[in-house]
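K.L.:
Prediction below, plus the sequence it came from.
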Amino acid sequence: MPPVGGNFPTPGPLQGYRRSVKPALVPGAFVRTYVGEVGRTWVLIFGMPAHRVRLDLTDRVLCDHADGRRDILELAELASERLQRPVGAAEVDERIGRLVSLRGMVAGDQLTMVEPQINNLVSRPLDAAAAALLSVVTSGARTGCHMRGGCCRLYDRIGLTPEDAANVREAFAEDELTPGGLSLETALRADGFGGHDELAVAVVDGACVLLDAEEKCTVHARLGIDKKPAGCRQYPLRDVAVGDQLHVGLAVECRCILDFAETGDPLDTSELLTRRRFIGEVEEVARTVGVSSRVRWPRADYLAWRERALAALPGEPDLVVWALREAAVAAGAPGGPPELVLRSMSPVIADLARYFRNQARDISEVYSANDLELELFGWAAEAMAILDDRTHPASSPDVILSPLPGERFYVEQLVFSHNLLRSKTLTSALGGLAIRLAAARVGAGMRLDPRLHQLSAMEVLFRAHGAGYLVDTDAHEIERALGLPEPQQETT
Ligand code: SF4
């Protein structure tokens, strides 16, 4: 093997990407180790909605080191060292240029990602003494796991803190392979997410590589729940503070949460408080809450609305109708007959149908055919396309179908856990909720992998996979559908 470095041909003038640029991954971008039909590859995921690009080894090495501090020549030198082959600056230039131009991947000074501005929940510092004073209030829901819910297969990223990574290493003997067939060295790696010291876990066909053949987490099975990665251990609890209370509910993103809603165990919140003390902060409801594009309510008014909603939900015959009615209340709009209002939201529904269709296509290009995410997006694309057809003005069939079992529990958890505040406004949250319930009802008549449930599938798509962000982007269409007049243009 020749010495790495000076023996390589001197690169000629760079034709493509600018010589002086110091490439960097866009904020939030990360590289996922993916084992699938074509063997082990890496997938770069970035942007909102997410784009996925399959990387070969050289691309991956470049992405790993594109931290905004190295120019093309330095990256070429580093890649040569890592790959033990000559990598010239022209090759690096071409590869970076391709990533930039093919998929809108940006480098250095070309940031284009627009993040939604959501400020209904804010972070509050929390020292240990303050954490001890928080009184925990749960929704009374129960929870459990039958290991058939698919939640270890539904997320693009499974992050580990350094402590989590140490626990994973403790769970395996030296040289032992993970259930997914990778060594720990390969399975755990820094993925560039946020630029901190977290690692991420590799997946096989989208499933966490630590998931065994019986769908059990190896770390949990061998070392107990306390040593499971923190994010997984806390899942599916969601906690938000209001004054000296910590409201704890469930994120209904996995079918187990619906299946165990009545028969499971009461929520165990002790771990949550310990974690809050360790992290030193908690999310809390902001002093004012955006209810429409024009109005913010003081926190007390929002809390009064939430209390009233929680009291009314058990008696509501149809939660799509309820969500549309409450959206009109929040917007200060007249609303109207629910079928008509939902039909008027057709531009949002059409955008969602397009979004799911594009995501399903994007995923099918890089993930395996039996990846559960592909099933998730494929099903959603079909359900939303049918809803899109039904809301078309020339279409006659009913738009609002019969309720699904579990809807009430799902909506109660959303309201109790302040999850609606993760949208830009209460109006867009409730409008988006009406749409996703209507689409879940449409999707109930379609084939869906038994590891998924129509309601939890919609929730994971809207919260973890960006569809909620799209609804926020279309918030003005929801307000228009509710009858809120367009804001007057100021004249000078
Ligand atoms: S670490 Fe365990 S619980 Fe977490 S995703 Fe992997 S298998 Fe599931």
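P.N.:
Perfect, thanks for sending it. Residues are numbered from 1 along each chain as shown.

K.L.:
Return the set of buried residues in the helix ranked longest in the chain.
P.N.:
Longest helix in the chain by number of residues, with DSSP state H as the criterion: helix 346-366. If you call a residue buried by 16 or more other C-beta atoms under 10 Å, then helix 346-366 has these buried ones: 346-353, 355-357, 359-360, 362-363, 366. Bear in mind the C-beta positions are built from the backbone N, C-alpha and C, glycine included.

K.L.:
The very next helix or strand once past it near the ligand at all?
P.N.:
Using DSSP states H and E, the helix or strand that directly follows helix 346-366 along the chain is helix 372-390. No - counting by C-beta under 6 Å from any ligand atom, the ligand is not contacted by helix 372-390; separation bottoms out at 12.4 Å.

K.L.:
CA atoms of helix 372-390 as CSV?
P.N.:
The C-alpha atoms that make up helix 372-390 are tabulated as CSV, following Å, rounded to 0.1, in the frame of the first residue of the first chain:
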residue,chain,number,x,y,z
LEU,A,372,-42.5,-0.7,6.9
GLU,A,373,-42.1,3.0,6.1
LEU,A,374,-42.8,2.2,2.4
GLU,A,375,-46.0,0.5,3.5
LEU,A,376,-46.9,3.5,5.7
PHE,A,377,-46.4,6.1,3.0
GLY,A,378,-48.0,4.0,0.3
TRP,A,379,-51.1,3.4,2.3
ALA,A,380,-51.3,7.1,3.3
ALA,A,381,-50.8,8.2,-0.4
GLU,A,382,-53.7,6.0,-1.5
ALA,A,383,-56.0,7.0,1.4
MET,A,384,-55.3,10.7,0.9
ALA,A,385,-55.8,10.4,-2.9
ILE,A,386,-59.2,8.9,-2.3
LEU,A,387,-60.1,11.7,0.1
ASP,A,388,-58.8,14.2,-2.4
ASP,A,389,-61.2,12.7,-5.0
ARG,A,390,-64.1,12.8,-2.6
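
K.L.:
Averaged pLDDT, it. What do you get?
P.N.:
Mean pLDDT, helix 372-390: 97.

K.L.:
helices or strands up against that helix?
P.N.:
Counting contacts by 3 or more C-beta pairs under 8 Å, 6 or more residues apart in numbering; DSSP states H and E, helix 372-390 packs against helix 346-366, helix 426-443, helix 454-463.

K.L.:
tilt between the following helix or strand past that helix and helix 426-443?
P.N.:
For helix 372-390, the succeeding helix or strand toward the C-terminus, using DSSP H and E, is helix 407-416. Using axes from the mean of the first three to the mean of the last three C-alpha atoms, to 10 degrees, one finds that helix 407-416 and helix 426-443 are set 160 degrees apart in direction.

K.L.:
which strands and helices sit next to helix 407-416?
P.N.:
Secondary-structure packing of helix 407-416 (3+ C-beta pairs under 8 Å, 6+ apart): strand 245-250, helix 299-312, helix 319-331, helix 426-443, helix 454-463.

K.L.:
Give me whichever of those is most buried.
P.N.:
Burial among the helices and strands packed on helix 407-416, expressed as mean neighbours by mean count of other C-beta atoms under 10 Å, is greatest for helix 426-443, which shows a mean of 27.

K.L.:
now it: how far from the chain's centre is it?
P.N.:
Centroid separation between helix 426-443 and its chain, computed with C-alpha atoms, centre = their mean, to the nearest Å, is 17 Å.

K.L.:
I'd like the mean pLDDT over that helix, please.
P.N.:
98.

K.L.:
Next, the angle helix 454-463 makes with that helix.
P.N.:
Using the same axes, to 10 degrees, helix 426-443 lies at 140 degrees relative to helix 454-463.

K.L.:
Use 255 as the first number from now on
P.N.:
Shifting the count to begin at 255 puts that one at helix 680-697.

K.L.:
Make TSV out of the helices and strands packed on helix 626-644 and add distance to the ligand.
P.N.:
As requested, the helices and strands packed on helix 626-644 are arranged in TSV below (distance: least, C-beta to the nearest ligand atom, whole Å):
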stretch	distance to the ligand
helix 600-620	19
helix 680-697	24
helix 708-717	14
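
K.L.:
Can you say which of the ones you listed is nearest to Ser274?
P.N.:
Of all those, it is helix 600-620 that lies closest to Ser274, at 31.4 Å by C-beta to C-beta.

K.L.:
how far does the closest one sit from the chain's center?
P.N.:
Using C-alpha atoms, centre = their mean, we find the averaged C-alpha position of helix 600-620 to lie 15 Å away from the chain's own average C-alpha position.

K.L.:
cool, and stretch 655-665?
P.N.:
Between the mean C-alpha point of stretch 655-665 and the mean C-alpha point of its chain there is a distance of 22 Å (C-alpha atoms, centre = their mean).

K.L.:
for that stretch, which positions count as buried?
P.N.:
Using 16+ other C-beta under 10 Å as the burial criterion, the residues of stretch 655-665 that qualify are Leu655, Pro657, Leu658, Gly660, Glu661, Arg662, Phe663, Tyr664, Val665.

K.L.:
Which pair of the buried residues of helix 600-620 spans the longest distance?
P.N.:
Ser600 and Val620 (31.0 Å).

K.L.:
helices or strands up against the longest helix of the chain?
P.N.:
Of the remaining helices and strands, those touching helix 600-620 by 3+ C-beta pairs under 8 Å, 6+ apart are strand 305-309, helix 626-644, helix 680-697, helix 721-727, helix 729-735.

K.L.:
Distance to Trp559 for these - can I get that in TSV?
P.N.:
Listed next are the helices and strands packed on helix 600-620 as TSV, based on distance: least, C-beta to C-beta, whole Å:
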stretch	distance to Trp559
strand 305-309	37
helix 626-644	27
helix 680-697	8
helix 721-727	19
helix 729-735	17
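
K.L.:
among those, which is nearest Asn374?
P.N.:
Between Asn374 and those, the tightest spacing by C-beta to C-beta is seen for helix 680-697, at 8.1 Å.

K.L.:
The closest one versus helix 553-566: what angle between them?
P.N.:
30 degrees.

K.L.:
Quick one: work out the angle between helix 680-697 and helix 626-644.
P.N.:
With the same axes, to 10 degrees as the basis, helix 680-697 and helix 626-644 are set at 100 degrees to each other.

K.L.:
What is the nearest of the buried residues of helix 600-620 to Glu468?
P.N.:
Of all those, the one sitting nearest Glu468 is Ile617; the distance, using C-beta to C-beta, is 26.4 Å.

K.L.:
Check the gap between Ser671 and Leu564 for me.
P.N.:
When C-beta to C-beta, to the nearest Å is the yardstick, Ser671 and Leu564 sit 11 Å from each other.
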